[in-house]
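Q: could you work out the structure for the sequence below:
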Amino acid sequence: MGRLPRLHEPNAIYHVYCRGNNGADIFLSDEDRLLLLGILNDVKQKTGARVLLLCLMGNHFHLLIRVGHVPISRIMQRLLGRYARGFNARAEKLGHVFQARFKAKLVKDESYLITLFTYIHNNPVKEGWVQNLADWVWSSHHQIVGPIRSVVLDVDETLSLLGETRTVAMERYRRIMSLPDDHVMVTYDDAPLRPPVPRSPDRRPSLDSLVDDVRARTGIDLRTTPGRCRNRVTSRARRTFCAAAARYGYGVAEIARCLSLSVGAVGEHLRASA
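A: Residues are numbered from 1 along each chain as shown. From the prediction side, this is the model:
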């Protein structure tokens, strides 16, 4: 039985990951990366997609894409097909360039979206290509913090995900990027769920610092919000906090004490954020 087609959700955001066949390099030079970016720009113009984040490595790349009326499967078929033909022609090779089907994850909540900023952008440092994120020109981090902009990346739309003004968005972006990303759990539509990497208690942020982060993002101080307060905005802030605290390894009882909520209430927030 063949694979079922991915369901299309207009205006949805997807984290896309593509890897070379058998782990082989898909970029042999910077010219290859420029080739992919050129094709990506053409494809996004023709499909109405928006590129929010990207990172081109050696044997793989990551994209964060907001789709329009064209499904993500068709966008990636055009991108990967054209690049594979161009890559093989330049390298005088035959055969598959990419390994199996591309991986994609529908980004459904803000907490997962935020983890992708660090997960995608920290790739070059984690793999030893550079020591400073700003030195890797083949990622959106370089364009978000630097003066040079590419027509491929929709920087303004990316920053709009983080704040209503550029100043607020940049402040939040820098705060996000200062956090370690070894807690990040990334899965895809057709990949099994992987448990998060255990974190040592002395390396994780305190619950108070997570409360401060939620307050900076939402304007709500969960330490002074009465437990009986259940309006939509407060509930969303609590869900965001509970999900973040759980990813850092805090137990339900610890989270409940911090928020002055019952264990059952915290459990409900965690289930709602899953």
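Q: buried stuff in stretch 31-38?
A: By 16 or more other C-beta atoms under 10 Å, the buried positions in stretch 31-38 come out as D32, R33, L35, L36, L37. Where C-beta positions appear, they are placed from N, C-alpha and C, glycine not excepted.
Q: identify those among the residues you listed that sit within helices.
A: Judged by DSSP state H, these include D32, R33, L35, L36, L37 as members of helices.
Q: hmm, A89 and the first one touching each other?
A: The reference is to D32. No - taking contacts as C-beta atoms under 8 Å, D32 lies outside contact range of A89: 11.3 Å.
Q: closest to Q77 among the ones in helices among the buried residues of stretch 31-38?
A: Nearest to Q77 among those, counting by C-beta to C-beta, is L36 at 14.6 Å.
Q: if I pick R166, what's in contact with it?
A: The contact partners of R166, by C-beta atoms under 8 Å, 6 or more residues apart in numbering, come to D156, L159.
Q: now do it against S160, distance only.
A: According to C-beta to C-beta, to the nearest Å, R166 stands 9 Å off from S160.
Q: and the buried residues of stretch 31-38 as CSV, adding pLDDT?
A: CSV is the format used below for the buried residues of stretch 31-38 (pLDDT from 0 to 100):
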residue, pLDDT
D32, 89
R33, 90
L35, 92
L36, 91
L37, 93
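Q: now those residues in CSV, please, with extra columns for distance to T115.
A: Output for those, formatted as CSV (distance: C-beta to C-beta, whole Å):
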residue, distance to T115
D32, 28
R33, 25
L35, 30
L36, 24
L37, 25
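Q: and the residues you listed, which two are the farthest apart?
A: With distances taken as C-beta to C-beta, the most widely separated pair in the buried residues of stretch 31-38 is D32 and L37, at 9.9 Å.
Q: could I get the full set of helices for this structure?
A: So, for the chain - with DSSP H - the helices run 30-47, 72-91, 110-121, 123-126, 140-145, 155-160, 166-177, 207-218, 232-247, 252-259, 263-273.
Q: compute the inter-axis angle for the second one and helix 30-47.
A: What that stands for is helix 72-91. With axes from the mean of the first three to the mean of the last three C-alpha atoms, to 10 degrees as the basis, helix 72-91 and helix 30-47 are set at 150 degrees to each other.
Q: so for helix 72-91, what gets flagged as buried?
A: 72-76, 78-80, 82-84, 86-87.
Q: picking up where we left off before, so which of the helices of the chain gets nearest Y14?
A: Short answer: helix 72-91, nearest of the helices of the chain by C-beta to C-beta, at 5.0 Å.
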